[in-house]
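J.: Quick check, what structure comes out for this input:
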Amino acid sequence: MSAAEGPLVVGVDSSTQSTKVLVVDAATGQVVASGQAPHTVSAGAGRESDPRQWWDALCAALDQCGDAAHEAAAVSIAGQQHGLVTLDGRGEPVRPALLWNDVRSAAQARRLVEELGGPKAWAERTGSVPGASFTIAKWAWLAENEPDAVRATRAVRLPHDYLTGHLTGLGTTDRGDASGTGWWASVTEAYDEEILAHVGLDPALLPRVVRPGEVVGTVRDSHDLPFSKGTLVAPGTGDNAAAALGLGLRSGTPVLSLGTSGTVYAVSQHRPGDPTGTVAGFADARGDWLPLACTLNCTLAVDRVAGLLGLDREAVEPGTTVTLLPYLDGERTPNLPNASGLLHGLRHDTTAGQLLQAAYDGAVHALLGALDLVLDQDADRTAPLLLIGGGARGRAWQQTVRRLSGRPVQVPEAKELVALGAAAQAAGVLTGEDPAAVARRWKTAEGPVLDAVERDEAALARITGVLSDAAPLLERGTQTN
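T.: Numbers count the residues shown, from 1 in each chain. This next block holds a predicted model:
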């Protein structure tokens with residue numbers, strides 16, 4: 001038996017690029033074992049992955065955890081949001097999953113918004129105005145472009161649903177992940193049958209939406225995962241909702257997450273609905289709400305710029321008047337799915353380090369622009385921003401967020417907050433506790449606070465001006481016939 005004070009739980013983060021697993025002592029929050037395995041994403045016009053890779057990566061990551069995984073009493077899986085997984089009658093993928101950052105469905109998203117009452121009606125009904133990232137747009141794209149795949153589909157799942165179903169043999173999801181589909185109505189907290197009928201999706205193909213804290217099933221014994229038969233399986237959730245659990249977030253505390261995508265969000269007790277579509281009115285995994293804004297281009301895009309310049313990602317230089325909008329994968333916030341990167345203001349004396357700093361500025365600008373819309377009116381605008389994700393420990397990211405926000409920044413010392421949030425959810429189904437309270441008991445949000453610096457209003461105004469002036473060009477994109 002592991003040297004642990006309490007029962008062991010497993011938290012899983014199945015992200016875009018890899019699957020990470022933590023085995024955690026439910027009493028103390030101590031990570032007693034961990035594992036990680038990669039998976040691949042297609043290049044080219046779309047962004048797709050074979051769901052079977054996620055399963056193989058989960059098995060490999062669990063195997064790295066050794067005996068500790070065998071001792072776990074409960075498990076929860078958090079996964080990348082929005083992805084469309086289509087399964088046949090044997091539970092096998094009909095085709096590779098369409099991922100959140102696949103923007104080929106932009107035209108279908110626009111049509112759906114127009115056909116069902118416009119942005120305001122969508123925001124009031126589902127909490128969000130669907131864009132290309134949303135699952136409903138991907139289903140509409142698939143129906144239009146690959147009707148044979150739609151006809152072969154006998155179950156529709158999100159990425160975390162697919163993995164949870166492999167563990168239990170059941171079709172389940174949670175309100176947090178379901179709220180990112182476009183066919184779950186936040187006003188009723190149920191699937192919207194009119195919307196489903198409009199896109200030709202039989203509700204019988206969808207998973208059951210379980211309650212927060214519900215045990216969705218137990219690990220079955222028809223596979224070789226290193227779990228004991230009967231291990232409890234928690235609902236799981238989407239990655240951002242899991243990170244909110246992992247931080248033990250209270251209402252109004254702002255989070256800025258720097259990963260492949262960038263996100264800003266906060267827990268709210270009020271059901272959100274932004275008719276501009278900037279803020280997605282997601283549910284959280286506990287029963288509250290998680291208004292969130294997301295950009296497609298964050299750490300990966302900035303690292304790509306650094307690579308093109310032949311620089312280390314920290315080799316930024318101050319003093320730039322260059323504007324670089326790093327929209328290398330199109331963009332979600334602002335809603336410019338056909339955009340590409342844009343550089344403005346280049347001079348003979350511009351240095352490579354200044355260009356790299358401009359890429360950081362362009363990536364952070366969009367996130368901070370959405371922050372005021374995410375927060376409730378009574379939220380404290382001077383409270384520290386919780387900075388998480390793969391970029392959070394990068395000095396250049398930290399300094400850019402401080403300079404452009406004018407707010408103090410707190411960097412939690414705990415790593416792998418998505419997997420920790422899943423582990424806290426697994427602990428909650430064992431003890432009956434609120435998983436956010438479990439995470440607060442584990443002190444996951446503790447970390448150094450970096451003081452506020454004067455806000456760089458000139459840089460913000462410059463980037464805003466370039467974005468406004470270039471909007472027609474960005475909307476047109478670089479697509480050719």
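J.: So what sits opposite residue 258 in the bridge?
T.: residue 262 (DSSP bridges).
J.: Report the separation between it and residue 409.
T.: 11 Å (C-beta to C-beta, to the nearest Å). (C-beta placed from N, C-alpha, C; glycine too.)
J.: Ok, residue 138 next?
T.: Taking C-beta to C-beta, one finds residue 138 at 35 Å from residue 409.
J.: try residue 440
T.: Distance from residue 440 to residue 409, by C-beta to C-beta: 20 Å.
J.: joint contacts of residue 258 and residue 409?
T.: Residues within reach of residue 258 and of residue 409 at once, by C-beta atoms under 8 Å, 6 or more residues apart in numbering, are residue 387.
J.: circling back: compare residue 138 and residue 409 and say which is more crowded by neighbours.
T.: residue 138 (28 against 23; other C-beta atoms under 10 Å).
J.: which element is the more buried one on?
T.: Assigned by DSSP states H and E, residue 138 belongs to helix 135-145.
J.: Show me what secondary structure element comes after that helix.
T.: By DSSP H and E, the next helix or strand past helix 135-145 is helix 147-152.
J.: Enumerate the positions of that following helix that are buried.
T.: For helix 147-152, the neighbour count (16 or more other C-beta atoms under 10 Å) marks residue 150 as buried.
J.: Quick one: name whatever helix or strand follows that helix.
T.: Following helix 147-152 in sequence order, the next helix or strand is strand 155-157 (DSSP H and E).
J.: I'd guess residue 373 is in a helix, am I close?
T.: Yes: under DSSP: H, G, I helix; E, B strand; the rest coil, residue 373 falls within a helix.
J.: and it, how far is that from residue 434?
T.: Residue 373 is 27 Å from residue 434, where distance means C-beta to C-beta.
J.: Test my guess that residue 407 contacts residue 386.
T.: No: assessed by C-beta atoms under 8 Å, residue 407 is found out of contact with residue 386, at 10.8 Å.
J.: roughly how far out does the helix or strand bottoming out on mean pLDDT in the chain sit from the chain middle?
T.: For the chain, using mean pLDDT, DSSP states H and E, the weakest element among its helices and strands is helix 67-70, scoring a mean of 91. Helix 67-70 has its C-alpha centroid displaced from the chain centroid by 28 Å (C-alpha atoms, centre = their mean, to the nearest Å).
J.: Give me the buried positions along it.
T.: Using 16+ other C-beta under 10 Å as the test for burial, helix 67-70 gives 68, 69, 70.
J.: tell me what it is packed against?
T.: Packing partners of helix 67-70 (3 or more C-beta pairs under 8 Å, 6 or more residues apart in numbering; DSSP states H and E): strand 18-25, strand 31-38.
J.: Switch these over to JSON lines; also include mean neighbour count and mean pLDDT.
T.: As requested, the helices and strands packed on helix 67-70 are exported to JSON lines (neighbours: other C-beta atoms under 10 Å; pLDDT from 0 to 100):
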{"stretch": "strand 18-25", "mean neighbour count": "25", "mean pLDDT": "97"}
{"stretch": "strand 31-38", "mean neighbour count": "18", "mean pLDDT": "97"}
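J.: So what pairs up with residue 23 in the strands?
T.: residue 10, residue 33.
J.: can you give me the helices for the stretch 201-350 of the chain?
T.: Assigned by DSSP state H, counting those that start in this stretch, the stretch 201-350 of the chain shows helices spanning 239-247, 299-309.
J.: Return the most buried member of the ones you listed.
T.: Sort those by mean neighbour count, taking mean count of other C-beta atoms under 10 Å, and helix 239-247 sits at the top with a mean of 30.
J.: send the alpha carbons of that one over as PDB?
T.: Provided in PDB are the C-alpha atoms of helix 239-247 (Å, rounded to 0.1, in the frame of the first residue of the first chain):
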ATOM      1  CA  ASP A 239     -10.700  21.000 -19.100                       C
ATOM      2  CA  ASN A 240     -11.500  24.500 -18.000                       C
ATOM      3  CA  ALA A 241     -14.200  23.400 -15.600                       C
ATOM      4  CA  ALA A 242     -11.700  20.900 -14.200                       C
ATOM      5  CA  ALA A 243      -9.100  23.600 -13.700                       C
ATOM      6  CA  ALA A 244     -11.700  25.700 -11.900                       C
ATOM      7  CA  LEU A 245     -12.200  22.800  -9.500                       C
ATOM      8  CA  GLY A 246      -8.500  22.300  -9.200                       C
ATOM      9  CA  LEU A 247      -8.000  25.900  -8.100                       C
END
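J.: Quick one: mean pLDDT for that helix?
T.: Computed over helix 239-247, the mean pLDDT rounds to 95.
J.: hang on, residue 172 packs against residue 211?
T.: No: if you go by C-beta under 8 Å, residue 172 and residue 211 don't touch, sitting 10.5 Å apart.
J.: Which of the two has more residues huddled nearby?
T.: Taking other C-beta under 10 Å, residue 172 and residue 211 do not tie; residue 172 has more neighbours (20 against 10).
J.: what residues are up against the residue of the chain most remote from its centre?
T.: In terms of distance from the mean C-alpha position of the chain, residue 348 ranks first, at 39.4 Å (C-alpha atoms, centre = their mean). By C-beta under 8 Å, 6+ apart, residue 348 lies in contact with nothing.
J.: And the pLDDT for it?
T.: 96.
J.: From residue 178, how far off is it?
T.: For residue 348, the distance to residue 178 - C-beta to C-beta - is 54 Å.
J.: Over to residue 358?
T.: 38 Å.
J.: what does residue 64 give?
T.: 31 Å.
J.: between these two, which one's more packed in?
T.: residue 178 (27 against 14).
J.: Pretty sure the more buried one sits against residue 209.
T.: Yes: look at residue 178 against residue 209 with C-beta under 8 Å: they come within range, at 5.2 Å.
J.: so what sits against both of those two?
T.: Here residue 178 and residue 209 have 184, 191 as joint contacts, going by C-beta under 8 Å, 6+ apart.
J.: The closest residue to residue 157 other than its chain neighbours: what secondary structure?
T.: Of all residues not flanking residue 157 in the chain, residue 85 sits nearest, at 4.3 Å (C-beta to C-beta, 6 or more residues apart in numbering). Of the three states, residue 85 takes strand under three-state DSSP.
J.: so residue 85 touches residue 91, yeah?
T.: No: with contact defined as C-beta under 8 Å, residue 85 does not reach residue 91; the gap is 10.6 Å.
J.: What is the neighbour count of residue 265?
T.: 29.
J.: Please apply the same query to the one 3 residues further on.
T.: By other C-beta under 10 Å, the residues close to residue 268 number 19.
J.: hmm, who's touching the least confident helix or strand of the chain?
T.: The contact list for helix 67-70 (C-beta under 8 Å, 6+ apart) reads 2, 8, 10, 21, 23, 32, 33, 62, 226, 227, 228.
J.: can you put the residues you listed in CSV and add distance to residue 380?
T.: Output for the contacts of helix 67-70, formatted as CSV (distance: C-beta to C-beta, whole Å):
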residue, distance to residue 380
2, 40
8, 37
10, 35
21, 36
23, 36
32, 36
33, 38
62, 41
226, 45
227, 43
228, 45
